[in-house]
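Asks: I would like the atomic coordinates for the input below:
(2 chains)
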Amino acid sequence: MSAMLRRFLERQPGPAMQPPSGPALTDADLKAGLLREVDLFADLAPAELKEVSRALPMQTCQVGRLVTSPDDEDERLYIIKRGRVRLYRLTPDGKQLTLDILDKGRIVGRMAWLGQQLTDAYAEAIEDALVCSFTPQELRQLIDRFPSVGVNIIRYLSGRLAVSEREREVMAFRSVEQRLAARLIELAERFGQPVEGGTAIDARLTQQELADMIGTSRETLATTVAALREERVLEMHNQRVVILDLERIRGLAEG
Amino acid sequence: MSDPATVAPNLWQLPDLPIPHDPVPSVDQATMLAADRIATDRVGVSLLQMMENAGLQLADLTRMTLGGTVSGRLIVVLAGTGNNAGGGMVAARRLAGWGANVCIIFARPLARLRPGPCAQIDPMLAAGVRAAVAGHDRSHAEIAGEVMRADAVIDALIGYSLEGAPDGVYEPLIELASLGRGAVISLDIPSGIDASSGERPGAAVNADATLALALPKTGMSLDEGRRFSGVGFLADIGLPGSIFTELGVPAGVWFEHGPLVRLR
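Replies: Numbering: from 1, shown residues only, chains lettered A, B, ... in the order given. So this is what the prediction gives:
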């Protein structure tokens, strides 16, 4: 944070941290990398939360002031404890373009190893805001004290990874048939067993789970499987897949 | 917002495009949703391809409406958060590339955009489109000023997925859309009109023209939809006809004259 910004932010003791809560993140939130307080501090006991509050400095940020900007040099994340913050970027002609309005429990700022890299985003308090902040070093200390914070971070990051993988597959113009074939090859390599007439995959996957893995609906998956079954490419029953025509599946996956 | 280079006289006229020989069937919201799903999930026509086609035809209809060239003309695009907005964003980019002074007004902050339209933000800004979120980046008075001076207003707010009356964020933009003297062109179905029934549960854009995508929605010719749609046009967005045949829609050739045709 620049010295100028630091002057805007006045340090003061804040209220104790509440047990975090909030709705589940949507795919769009995960993709945008919108980390929330609850993602970090879920599962902490009230006494532990009190300790976290003590460890993290609390600052007020008056309306109209920047909480963080792309000019900030050091990596720091800010948890919004009170008030509202507007996230915006600048367009090529220098005008502000609003990305989001964030309130209590949302996190802004930059920290590479949490995947928070909104380097072109400014965060401006649009109501007097109370924020607490931490550096990578401070977060590491928190993880040392409270390993569940580390587990929460892994959970959050793997959620983001899954969404971005699915997104990439969809954006890469791959059909459901191709995505299914690619996933089956992967599963066959891990769980495949040679049986008469083909390769069996005993991964105990329901159609819904398989559909989720390749980012489609169960109905679409069922139609795709039915077509492949018709062509004697695979069999699927009782959560068990038998690949009858491995060459064909491989061809589709690479297609 | 910056002033346009020239204040153009709001002159426009809808183009006299050919009408397809085969009768053009209409589809309801559920059928169109199913067709989009089949296209992306099974046939392998991606959402981005359809969006690019929709936006290009929308830009071309706007260009023809403004007399064949858009250079220096002011065009305002009103955008929501869904794929309809994505089409509007593509049109904004293309029109800016053709020399128009394009301003896009979003109803909501950009983090609310779905992934398809989200991918359109950077290319659109790179093309020189001026962008703002209503109520956050520009006041309603500033936005009204742009709409009143615009040669054309493109409505890409809601599209075929309207459920119930448009909410408080969309309503002021919907009411504003038709207040100027420029041509008002809705993408797919005027925002506020139910794509299946043509009912108008709340505010709706009163369009001079509606550019339907792939096939017209039934709501365009029913109830209030008939009055609010203006002149109907149809854009080829590259969906294979077999998708509609599979869904029980009568087959036909609708684009023998080109990717943009007029509806009867």
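Asks: for the rest of this, base every contact and every neighbour count on C-alpha atoms.
Replies: Will do.
Asks: how far away from the center of its chain is stretch A:43-57?
Replies: The chain centre lies 23 Å from the centre of stretch A:43-57; the measure is CA atoms, centre = their mean, to the nearest Å.
Asks: next one: stretch A:62-82
Replies: Relative to its chain's centre, stretch A:62-82 lies at 21 Å (CA atoms, centre = their mean).
Asks: quote the end-to-end distance of it.
Replies: Taking CA to CA, to the nearest Å, stretch A:62-82 runs 11 Å from one end to the other.
Asks: what is the rounded mean pLDDT of it?
Replies: For stretch A:62-82, the mean pLDDT works out to 89.
Asks: tally of neighbours for the residue of the stretch 151-264 of chain B found nearest chain A?
Replies: Relative to chain A, the nearest point of the stretch 151-264 of chain B is B:E246 (13.2 Å; CA to the nearest CA). B:E246: 12 surrounding residues under other CA atoms under 10 Å in any protein chain shown.
Asks: got the residues of the stretch 51-200 of chain A near chain B?
Replies: For the stretch 51-200 of chain A, the residues in contact with chain B (CA under 8 Å from any CA of the partner chain) are A:91-93, A:96-101, A:170-171, A:173-177.
Asks: just the residues you listed: which are in strands?
Replies: Judged by DSSP state E, those include A:96-101 as members of strands.
Asks: and those as CSV, adding pLDDT and neighbour count?
Replies: Compiled in CSV, those are given as follows (pLDDT from 0 to 100; neighbours: other CA atoms under 10 Å in any protein chain shown):
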residue, pLDDT, neighbour count
A:Q96, 92, 19
A:L97, 92, 23
A:T98, 92, 26
A:L99, 88, 21
A:D100, 87, 18
A:I101, 88, 20
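Asks: quick check: pLDDT value at A:A227.
Replies: Looking at A:A227, its pLDDT is 90.
Asks: give the next helix or strand downstream of the helix or strand encompassing it.
Replies: For A:A227, the host element (DSSP states H and E) is helix A:218-230. For helix A:218-230, the following helix or strand on the C-terminal side (DSSP H and E) is strand A:234-237.
Asks: elements contacting that following strand?
Replies: Identification of packing neighbours for strand A:234-237 by 3 or more CA pairs under 8 Å, 6 or more residues apart in numbering or on different chains; DSSP states H and E yields helix A:218-230, strand A:240-243.
Asks: other residues contacting it?
Replies: Identification of contacts with strand A:234-237 by CA atoms under 8 Å, 6 or more residues apart in numbering or on different chains yields A:225, A:228-229, A:241-245.
Asks: all strands for the stretch 51-200 of chain A, in order.
Replies: Ranges of strands in the stretch 51-200 of chain A, per DSSP state E, counting those that start in this stretch, are A:58-61, A:66-68, A:76-82, A:85-90, A:96-102, A:107-111, A:116-117, A:122-125, A:129-134, A:192-195, A:198-201.
Asks: may I ask which helix or strand of the chain has the lowest mean pLDDT?
Replies: All of this refers to chain A. The weakest-scoring helix or strand in chain A, judged by mean pLDDT, DSSP states H and E, is strand A:10-11 (a mean of 34).
Asks: wait, I meant chain B there
Replies: Least confident helix or strand, chain B: helix B:115-118 with a mean of 86, by mean pLDDT, DSSP H and E.
Asks: now the helix or strand immediately after that one in the chain, how far from the chain's geometric center?
Replies: Going down the chain from helix B:115-118, the next helix or strand is helix B:121-126, by DSSP H and E. In terms of CA atoms, centre = their mean, the centre of helix B:121-126 is set 18 Å apart from its chain centre.
Asks: which other helices and strands contact helix B:121-126?
Replies: Looks like helix B:121-126 contacts helix B:83-97 (3+ CA pairs under 8 Å, 6+ apart).
Asks: what residues does the helix it packs on touch?
Replies: B:51-52, B:54-59, B:63, B:70, B:77-79, B:102-104, B:114, B:116-118, B:120-121, B:123-125, B:127-129, B:154-159, B:187-188.
Asks: can you give me the helices in the stretch 151-264 of chain B?
Replies: Secondary structure of the stretch 151-264 of chain B (DSSP state H, counting those that start in this stretch): helices at B:170-177, B:223-229, B:241-246.
Asks: tell me the mean pLDDT for the shortest one?
Replies: On average, the pLDDT along helix B:241-246 is 94.
Asks: which parts of that helix are buried?
Replies: Buried residues in helix B:241-246, counted by 16 or more other CA atoms under 10 Å in any protein chain shown: B:241, B:243-244.
Asks: for those, give me a markdown table that also has distance to A:L139.
Replies: Formatted as a markdown table, the buried residues of helix B:241-246 follow (distance: CA to CA, whole Å):
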| residue | distance to A:L139 |
| --- | --- |
| B:G241 | 56 |
| B:I243 | 53 |
| B:F244 | 55 |
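Asks: what's the angle from the longest helix seen in chain B to helix B:83-97?
Replies: Ranked by residue count, the top helix of chain B under DSSP state H comes out as helix B:47-65. Interaxial angle, helix B:47-65 versus helix B:83-97 (axes from the mean of the first three to the mean of the last three CA atoms, to 10 degrees): 50 degrees.
Asks: any residue of the helix or strand following helix B:47-65 up close to chain A?
Replies: Moving toward the C-terminus from helix B:47-65, the next helix or strand (DSSP H and E) is strand B:74-79. No - Strand B:74-79 stays clear of chain A (CA under 8 Å from any CA), getting no nearer than 13.9 Å.
Asks: list the pairing partners of strand B:74-79 within its sheet, with orientation.
Replies: Within its sheet, and counting by DSSP bridges, strand B:74-79 is paired with strand B:101-106 (parallel), strand B:152-156 (parallel).
Asks: to A:V67, which of those strands lies closest?
Replies: Using CA to CA as the measure, strand B:101-106 is the one of the strands paired with strand B:74-79 that comes nearest A:V67, at 24.4 Å.
Asks: now the helix holding A:A227: buried residues?
Replies: A:218, A:220-221, A:224-225, A:228.
Asks: need the max-distance pair from the residues of the stretch 51-200 of chain A next to chain B.
Replies: Distance extremes for those: the farthest pair is A:D93 and A:E177 at 43.9 Å, using CA to CA.
Asks: closest residue of chain A to chain B?
Replies: For chain A, CA to the nearest CA, closest residue to chain B: A:L99, 4.5 Å.
Asks: next, count neighbours for the residue nearest to that residue when sequence neighbours are not counted.
Replies: In space, A:L99 comes closest to B:L110 once its chain neighbours are excluded; the distance is 4.5 Å by CA to CA, 6 or more residues apart in numbering or on different chains. Other residues near B:L110 number 22, with proximity taken as other CA under 10 Å.
Asks: per-residue confidence at B:L110?
Replies: On the pLDDT scale, B:L110 gets 90.
Asks: ok, it - contacts?
Replies: A:98-100, B:81, B:118, B:133.
Asks: low-confidence regions, the stretch 1-150 of chain A specifically.
Replies: A:1-34, A:116-119 (pLDDT under 70).
Asks: and if we set it to 50?
Replies: By pLDDT under 50, the weakly predicted segments of the stretch 1-150 of chain A are A:1-17, A:19-20, A:23.
Asks: my guess is B:I185 meets B:V153, correct?
Replies: Yes - counting by CA atoms under 8 Å, B:I185 does reach B:V153; the two are 6.2 Å apart.
Asks: return the distance of the residue nearest to B:L260 when sequence neighbours are not counted relative to B:L187.
Replies: Setting aside the residues directly before and after it, B:L260 is nearest to B:A235 in space (CA to CA, 6+ apart), at 4.8 Å. As for B:A235, its distance to B:L187 is 10 Å (criterion: CA to CA).
Asks: more crowded one of those two?
Replies: Neighbour totals were compared for B:A235 and B:L187, and B:L187 leads with 29 against 26 (other CA under 10 Å).
Asks: show me the beta-bridge partners of the more buried one.
Replies: What pairs with B:L187, by the bridge criterion (DSSP bridges), is B:L211.
Asks: now for it: which residues touch it?
Replies: By CA under 8 Å, 6+ apart, the residues touching B:L187 are B:58, B:84, B:87-88, B:154-156, B:159, B:210-213.
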